[in-house]
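1. Could you work out the structure for the sequence below:
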Amino acid sequence: MAFKDTVRSILETKGRTVWTVGPDETVYRVLALMSEKGVGAVVVVSEGQPLGMFSERDYARKVILHGKSSLDTLVREIMSSPIVTVPPEETVEECMRIMTRNRIRHLPVLESGRLAGVISIGDLVNSIISVQAATIQQLSSYIAGKYPG
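-> Predicted structure coming up:
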């Protein structure tokens, strides 16, 4: 089954709010922001350009496991970089491939060179579930004879 919905349609549903931080913020401060906003990742930007992503996974793997302190470690030291981005026209199917291939859970969306949103693996799964539910409903209506005409 092909999923032809686009990133644009996901952003229209979920919104385009993006939480960003500078590369010289402390990990502790960024974790506090992520907790306050209820997000699992933020985009690291400098002069309006995305440099990388910082996620809870980066914290667990690159701070805690290496005995570093979140109070003293800067985001630039542990962010995931280079950043992988997609345009709003990208399909859900291709985004799933990109995330799987790169072993990432968040994709910043760039439109005309500007940050337009972030989609997560959860957003993609929700989109796929919606498409499948609509297909099941259409097939059920067809089988039951409840089709227009």
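
2. Give me the secondary structure label for the closest residue to R16 other than its chain neighbours.
-> For R16, ignoring the flanking residues on the chain, the nearest one in space by Cβ to Cβ, 6 or more residues apart in numbering is G117 at 4.2 Å. Where you see a C-beta, it was placed from the backbone N, CA and C, and this is true even at glycine. Judged by DSSP: H, G, I helix; E, B strand; the rest coil, the three-state class of G117 is strand.

3. Could you measure from G117 over to M53?
-> 13 Å (Cβ to Cβ, to the nearest Å).

4. Need the residues touching each of these two.
-> Residues touching both G117 and M53 by Cβ atoms under 8 Å, 6 or more residues apart in numbering: P108.

5. what residues does stretch 79-91 touch?
-> Under Cβ under 8 Å, 6+ apart, the answer for stretch 79-91 is 3-8, 11, 23, 43-44, 50-55, 58, 94-95, 98, 102, 104, 107-111, 116-117, 119.

6. Quick one: end-to-end length of it, please.
-> Using Cα to Cα, to the nearest Å, one end of stretch 79-91 lies 26 Å from the other.

7. just stretch 20-35 next, same as before
-> 14 Å.

8. Please tell me how far it is from the chain's geometric centre.
-> 17 Å (Cα atoms, centre = their mean, to the nearest Å).

9. Pull out the buried positions in it.
-> T20, V21, P23, E25, T26, V27, V30, L31, M34 (16 or more other Cβ atoms under 10 Å).
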